[in-house]
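Asker: Output the structure for:
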Amino acid sequence: MTQKLDPEKTDWRNLPAVPEDERPTIGEEWRPSQTFLRIHDRCDRAAMLYLKYRAGAGGHPLNRGTIFHEVAAAIGRHAIEHGEGRVAPEIGKDLLIEYLDRNPHLQVEAKERDDLRWMVVNFCLAEYFEPESIISLESSFELEVGGYTITGRLDRAERLPGGVLEVIDYKTSPGMPDAEEFRRQSYREDGSPRWAGDFQTNIYACAVAFGTFDGFHLGEGYEEFKLSLRFPRFLYPDGLGTRTVTVTRTQLLDFMFDLEQQLRRLRDVNFGEGKWQPTPGQVACAECPAEYACPLPMLLRADSQLANADSLEDLERLATAAEFMSKRASDLRRRVKKRAEAMEEDHPGVLDLGDEMTGVRCGSDVAYVFQTGVRESVDKAGLAAAIDRAKAFGEDFDLVDHVTVSTPTEFKKRKIGKR
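Answerer: Got it, this is the predicted structure:
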């Protein structure tokens with residue numbers, strides 16, 4: 001049931017309290033999970049619906065993530081129990097099949113299952129397990145903050161040389177953040193690190209630094225923490241695709257203080273006053289467990305606003321216009337790149353933007369910049385055949401033989417200094 005509100009009399013930026021019979025119920029010993037807090041960080045109402053509908057129905061992406069993380073943990077445990085640094089891909093695929101057989105409710109379509117097999121193979125080829133360094137492998141944690149006990153499970157944590165503790169989170173999403181964009185999110189203009197732009201990974205880092213795992217303080221004595229996002233869809237000669245940022249204990253303390261403030265809002269405003277304000281946004285609405293239970297009218301949810309079309313003919317016209325404009329924009333950007341290349345060849349230095357960047361401004365602090373990229377593609381069929389031959393005949397194979405590296409010149413939009 002959705003809260004009924006008068007459109008002409010409602011302050012949509014400060015909704016009234018949710019009626020008593022529509023509020024979620026929690027027990028006295030309720031402990032917020034890191035997933036709940038991540039959703040609550042973006043939208044109070046989505047967090048309320050997460051509690052009310054017990055996290056909602058699991059879609060394919062969510063099930064895919066659950067399956068991979070459980071199988072990755074099983075692979076790690078197998079490696080440690082058998083004293084193996086790495087686990088053969090075939091064993092990894094067997095563990096995947098066993099897990100799917102035990103958990104048929106975690107439905108994923110055929111394409112997702114194929115992606116899972118490939119991610120498991122990449123994981124087995126790339127990840128090395130050193131028992132002396134690993135201090136946590138898919139372990140549950142507790143973190144005391146603001147009168148609450150936050151719970152969750154950490155993918156992996158291990159000691160690095162130099163007194164640094166690495167916190168690893170595996171991501172099964174189809175895309176990996178652009179390296180330059182991730183750098184801008186993770187470091188300020190003066191080069192000092194900021195949080196990694198990932199709420200969940202910072203919770204994990206705080207759990208290691210200040211929380212407990214089965215009663216043990218794993219991060220005691222560590223002052224630096226390397227936060228690593230690893231993407232098993234991307235396999236390179238030196239390992240899985242990874243994005244990292246190193247933060248200090250002091251920075252994590254700042255995040256803890258911020259988390260305390262969030263929990264005060266949860267206690268005093270959400271549970272205390274019964275007010276769960278919806279805050280629409282592309283990510284918040286996409287991950288909401290019950291988006292259609294939101295009291296905001298569609299017209300006030302910019303990211304889900306309907307196109308102004310009264311008929312199928314109007315809707316098709318708008319869709320055609322969107323496709324046309326997309327192609328026009330792509331074509332124009334390609335032609336701008338070609339003209340810029342010719343202009344730079346005729347007049348070297350004319351496109352100099354400073355800081356060793358060459359490109360064309362497209363705003364006061366934005367430009368299309370020439371960048372030499374590195375693309376590495378894996379011959380999946382050849383690699384799979386090599387693995388089969390190694391298993392059947394003991395043939396040696398080198399991953400590098402199945403990786404093709406190219407260095408295309410890209411024309412990417414990025415932030416630059418103002419004129």
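
Asker: Quick check: which ranges of this structure have low pLDDT?
Answerer: Scanning the chain for pLDDT under 70 picks out the ranges 1-3, 193-197, 302-310, 419.

Asker: ok, which stretches of it are helices?
Answerer: 34-42, 44-52, 60-81, 89-102, 110-126, 179-186, 199-210, 249-264, 273, 282-287, 312-346, 380-393 (DSSP state H).

Asker: Check which residues of the last one are buried.
Answerer: What it means is helix 380-393. Residues of helix 380-393 classed as buried by neighbour count (16 or more other Cβ atoms under 10 Å): 383, 386-387. Quick note: C-beta positions are derived from backbone N, CA and C, even for glycine.

Asker: so can I have CSV of those showing distance to M256?
Answerer: Below are those laid out as CSV (distance: Cβ to Cβ, whole Å):
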residue, distance to M256
L383, 44
A386, 48
I387, 45
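
Asker: Closest one of those residues to V269?
Answerer: Taking Cβ to Cβ as the measure, V269 sits nearest to L383 out of the buried residues of helix 380-393, at 53.3 Å.

Asker: The closest one and H402 touch, don't they?
Answerer: Yes: taking Cβ atoms under 8 Å as the definition, L383 is a contact partner of H402 at 4.3 Å.

Asker: Quick check, V336 in contact with V360.
Answerer: Yes: between V336 and V360 there is a contact at 6.4 Å, judged by Cβ under 8 Å.

Asker: So for W276, what's the nearest residue that isn't a sequence neighbour?
Answerer: Once flanking residues are discounted, W276 sits nearest to M48: 4.0 Å by Cβ to Cβ, 6 or more residues apart in numbering.

Asker: Of all residues in the protein, which one is nearest the centre?
Answerer: K171 (5.9 Å; Cα atoms, centre = their mean).

Asker: list the contacts for that residue?
Answerer: By Cβ atoms under 8 Å, 6 or more residues apart in numbering, the contact set of K171 is 229-231.

Asker: is it possible to export the residues you listed to JSON lines including neighbour count?
Answerer: What follows is the contacts of K171, written out as JSON lines (neighbours: other Cβ atoms under 10 Å):
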{"residue": "L229", "neighbour count": "24"}
{"residue": "R230", "neighbour count": "22"}
{"residue": "F231", "neighbour count": "20"}
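
Asker: separation between the residue located most distally from the centre of the chain and A340?
Answerer: Distance from the C-alpha centroid of the chain peaks at D346, with 43.3 Å (Cα atoms, centre = their mean). Using Cβ to Cβ, to the nearest Å, D346 is found at 11 Å from A340.

Asker: Same question for V167.
Answerer: Noted for V167: a distance of 42 Å to A340, by Cβ to Cβ.

Asker: Kindly report the same for D11.
Answerer: 50 Å.

Asker: So which of the two has more stuff around it?
Answerer: Between D11 and A340, A340 has the larger neighbour count (other Cβ atoms under 10 Å), namely 18 against 8.

Asker: shouldn't the more buried one be in contact with C362?
Answerer: No: contact criterion Cβ under 8 Å: A340 and C362 do not qualify, at 11.3 Å.

Asker: Overlap in contacts, the two.
Answerer: Joint contacts of A340 and C362 (Cβ under 8 Å, 6+ apart) are Y368.

Asker: where do the strands sit along the stretch 151-300 of the chain?
Answerer: Listed in chain order, the strands found in the stretch 151-300 of the chain under DSSP state E, counting those that start in this stretch are 164-170, 224-236, 239-248.

Asker: Listing partners with orientation, what would you give for the longest one?
Answerer: The strands that strand 224-236 pairs with in its sheet are strand 164-170 (parallel), strand 239-248 (antiparallel) (by DSSP bridges).
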